[in-house]
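J.: coordinates only, sequence not included:
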């Protein structure tokens, strides 16, 4: 992959809180226009790694390059500029609880564009329609269902026309049909707008269905143990942890096997 | 090979689960292996698993072969889930010395001082940009905060200040009566309320009401990732969260002070006229003669200082809070405590300064 095709390049990244390292020496490249998966079991550090990618947690080592620019060595003003070009969907949706769904999507537009209120309103309605939110546009987040909160969160992530999306467990807490619709939506956005997507998930179904490439984090060795598309990893990966995860088996642990 | 025969019921409710298994094996060190026979085993629950797990750990320790083939299949499957060796205790972090603890504390305090100073500076700069009309703060946020810190605080500010004025009149009456100086109750009430009590009591009320609310609101936003969402968009927390709150409280406090003073004097007036037999006219003449405009400005200055302290403390405590529900409660408590103690300490500084300046 050449430098120009790479939208995001992560080199030897280490992340952690204080003295405890959560992941170390993680390197990967996300091609422009692809859907990239960060996989791994619960507690393997997927969300922590994501925080370092979106500028919320300073990594203890390594670099995160958008295009050719290293995010963490850029000035704060520049970081804000880079950050404004990507959208983030948080695991809980993280809607601002003091505003309605529509106001949540409108706030970034009000803050960062000079559009008049009518134009903002049109854009907000468009984004909410794109994510399939037909009712509850003027409801407060507390009165929306989990799936609706995720949808509004996605609409808000799309508000500033980002060319890159970070999604933290988009389908967690959704029923299978809603999860499938969300997957389709992500695919449509990726293909339609040419958005690059980085997705943290342990939902096997959506990983296999939509992701072109990915990385598998291991909680024990605290680093990436496999690279590649989820489908390919499922078919070919020899690593027992990855194999077990991808095929929903219990890993064969040393000294605890059955039928001794 | 020794065969352990498990008989009867193994239930937590009936069997004392203890750690004596290791000693049991110590006596028979020559043992090569342990097997099981369970024909007469009755009902069992975790009690049996604890026993077997301890037995397995002990046999691993003494290098005794542990043959679980005699156990029922279901028991073996559960036993497989348990560790063969004992749970290792949490790694010893090592005891830190007093000097080390003290050092960590001092560094923490210094970092907090730097953070608060930076915050105060940033708020000042941001407030200056509001004055110049170049702010990103949204008017609607400011108005919401003004409503919360102003209008909605009126009932409690009224109650507290009326009562304080009334109490001052009663307390004054006890001593002044003895000298036949009843009419000076008016002076006492007016001076005490304008100079001290209205500003102080209003600040204490607002610290508990608004300072605590600021901290809890911002801390809750931490827990629900709302702060992360703001930061990921590059929306400055200062413009969106902090400035509206600080400006609202700083602008409302002087108004609340003036209102509190008026209502406090009304409280004193009511008690003096209705219960202490002082005529209304005399009270008014005495009170207006006792206070100067300078005293009102002194109270206004104090209320502005108190307002900034409460608002900044509330926001700062909220911003440094953790993400759990307990952290929200802790943040609210801390903000209230810091607010009240800070306000009283600041008031003492004002008193000393005023005394030094012969004011």
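T.: That came in fine, so what should we check first? The model shown is predicted, which means the values in this text are computed figures rather than measured ones.

J.: got a pLDDT number for the nearest residue to residue A:127 once chain neighbours are set aside?
T.: The spatially closest residue to residue A:127, leaving aside those adjacent along the chain, is residue A:155, at 4.2 Å (CB to CB, 6 or more residues apart in numbering or on different chains). C-beta: built from backbone N, CA, C; applies to glycine. According to the predicted model, the pLDDT of residue A:155 comes to 91.

J.: Touching the helix or strand harbouring residue A:155 from outside, list them.
T.: Residue A:155 belongs to helix A:146-157 when elements are defined using DSSP states H and E. When contacts are defined by CB atoms under 8 Å, 6 or more residues apart in numbering or on different chains, helix A:146-157 is touched by residues A:87-90, A:92-95, A:101, A:104-105, A:107-108, A:124, A:127-128, A:130-133, A:136, A:141, A:144, A:165-167, A:170, A:173-175, A:178, A:182, A:185, B:229.

J.: which other residues reach stretch A:65-81?
T.: A:3, A:6-11, A:55, A:58-59, A:63-64, A:82, A:85-86, A:164, B:234.

J.: Residue numbers of the stretch 1-150 of chain A in contact with chain B?
T.: Taking CB under 8 Å from any CB of the partner chain as the measure of proximity, the stretch 1-150 of chain A contacts chain B at A:51, A:54-56, A:80-81, A:83-84, A:88, A:90-98, A:107-108, A:110-112.

J.: Show the buried residues in those.
T.: A residue is treated as buried here by neighbour count (16 or more other CB atoms under 10 Å in any protein chain shown); on that basis the buried members of these are A:51, A:54-56, A:80, A:83-84, A:88, A:90-96, A:107-108, A:110-112.

J.: what's the spacing between the residue nearest to residue B:277 when sequence neighbours are not counted and residue B:264?
T.: Here the nearest residue to residue B:277 in space, its sequence neighbours aside, is residue B:182; by CB to CB, 6+ apart that works out to 7.8 Å. Using CB to CB, to the nearest Å, residue B:182 is found at 19 Å from residue B:264.

J.: Residue A:8 now?
T.: With the distance defined as CB to CB, residue A:8 ends up 62 Å from residue B:264.

J.: Those two: who's more crowded?
T.: For residue A:8 versus residue B:264, the count of surrounding residues by other CB atoms under 10 Å in any protein chain shown is larger for residue B:264: 30 against 22.

J.: okay but that one is in contact with residue B:199, surely?
T.: No: because the distance of 10.4 Å does not satisfy CB atoms under 8 Å, residue B:264 is recorded as not touching residue B:199.

J.: so where's the chain shaky on pLDDT?
T.: Using chain A. Chain A contains residues with pLDDT under 70 at A:1-4, A:250-260.

J.: Switch to chain B, please.
T.: Using pLDDT under 70, the flagged stretches of chain B are B:16-23, B:25-29, B:86-94.

J.: mind listing the strands for it?
T.: B:2-5, B:8-10, B:33-37, B:41-44, B:65-66 (DSSP state E).

J.: Adding mean neighbour count, write those strands out as a markdown table.
T.: Rendered in a markdown table, the data for the strands of chain B read as follows (neighbours: other CB atoms under 10 Å in any protein chain shown):
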| stretch | mean neighbour count |
| --- | --- |
| strand B:2-5 | 12 |
| strand B:8-10 | 16 |
| strand B:33-37 | 17 |
| strand B:41-44 | 15 |
| strand B:65-66 | 15 |
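
J.: Can you check which of those gets nearest to chain A?
T.: When the strands of chain B are compared for distance to chain A using CB to the nearest CB, the nearest one is strand B:65-66, at 9.8 Å.

J.: Could you tell me which strands sit next to the closest one in the sheet, and their orientation?
T.: Sheet pairing of strand B:65-66 (DSSP bridges) gives strand B:33-37 (parallel).

J.: Residues touching the partner strand, excluding its own?
T.: Contacts to strand B:33-37, defined as CB under 8 Å, 6+ apart, come from residues B:1-6, B:55, B:59, B:64-71.

J.: Repeat the analysis, applying 10 Å as the threshold.
T.: Outside strand B:33-37, the residues that touch it by CB atoms under 10 Å, 6 or more residues apart in numbering or on different chains are B:1-7, B:25, B:28, B:52, B:55-56, B:58-59, B:64-72, B:75-76.

J.: of those, buried ones?
T.: Under a neighbour-count criterion of 16+ other CB under 10 Å, the subset of those counted as buried comprises B:6, B:25, B:52, B:55-56, B:58-59, B:64, B:66, B:68, B:70-71, B:75-76.

J.: Can you flag which of the residues you listed belong to helices?
T.: Secondary structure of the buried ones among the contacts of strand B:33-37 is defined by DSSP state H; positions in helices are B:25, B:52, B:55-56, B:58-59, B:75-76.

J.: Closest one of those residues to residue A:216?
T.: Compare each of these with residue A:216 using CB to CB and the shortest gap goes to residue B:76, at 31.9 Å.

J.: How about the contacts made by residue A:117?
T.: Listed by CB under 10 Å, 6+ apart, the contact partners of residue A:117 are A:106, A:109-110.

J.: what's the spacing between residue A:25 and residue A:13?
T.: Separation of residue A:25 from residue A:13 (CB to CB) stands at 8 Å.

J.: my bad, should have said residue A:19
T.: 17 Å.

J.: out of these two, which sits in the busier spot?
T.: residue A:13 (23 against 6).

J.: OK, contacts around the more buried one?
T.: Listed by CB under 10 Å, 6+ apart, the contact set of residue A:13 reads A:23-28, A:49, A:52-53, A:59-64, A:72, A:223-224.

J.: ok, what's across the strand from it?
T.: Under the criterion DSSP bridges, residue A:13 forms beta bridges with residue A:26.

J.: Show me where the stretch 1-150 of chain B has its helices.
T.: Along the stretch 1-150 of chain B, the segments classed as helices by DSSP state H, counting those that start in this stretch run B:21-26, B:46-61, B:73-80, B:98-131, B:139-149.

J.: now for these, which one comes closest to chain A?
T.: helix B:73-80 (5.8 Å).

J.: Next one: residue A:104 from residue B:244, what distance?
T.: Here the distance between residue A:104 and residue B:244 works out to 18 Å (CB to CB).

J.: Which one of these two is surrounded by more residues?
T.: More crowded of residue A:104 and residue B:244, by other CB under 10 Å: residue A:104, with 27 against 23.

J.: and whichever helix or strand the more buried one is part of, what does it pack onto?
T.: With the criterion set as DSSP H and E, the secondary-structure element containing residue A:104 is helix A:101-112. The elements that helix A:101-112 packs onto, with contact taken as 3 or more CB pairs under 10 Å, 6 or more residues apart in numbering or on different chains; DSSP states H and E, are helix A:117-130, helix A:146-157, helix B:226-233.

J.: Any idea how far the last one is from the middle of the chain?
T.: Here the centre of helix B:226-233 is set off from its chain's centre by 23 Å, with CA atoms, centre = their mean, to the nearest Å.

J.: Run through who's touching the very next helix or strand once past it.
T.: Stepping forward along the backbone from helix B:226-233, the first helix or strand reached (DSSP H and E) is helix B:237. Applying CB under 10 Å, 6+ apart, the contact partners of helix B:237 are B:122, B:218, B:221, B:227, B:230-231, B:243, B:315, B:319.

J.: from these, which two are the most distant?
T.: Using CB to CB, the contacts of helix B:237 reach their maximum pairwise distance at B:122 and B:221, which is 18.6 Å.

J.: who's more crowded, the two?
T.: When neighbours are counted by other CB under 10 Å, residue B:221 comes out ahead of the other of residue B:122 and residue B:221, with 24 against 15.

J.: Can you verify my assumption that that one contacts residue A:98?
T.: Yes: with contacts counted by CB atoms under 10 Å, residue B:221 reaches residue A:98, the gap being 9.0 Å.

J.: Give the full set of residues in contact with residue 201.
T.: With no chain named, the answer covers chain A. Residues near residue A:201 by CB under 10 Å, 6+ apart: A:37-40, A:46, A:167-172, A:183, A:207, A:210-211, A:214, A:230.

J.: that's the wrong chain, I wanted chain B
T.: With contacts defined as CB under 10 Å, 6+ apart, residue B:201 is in contact with B:157, B:160-161, B:163-165, B:193, B:257, B:260, B:264.
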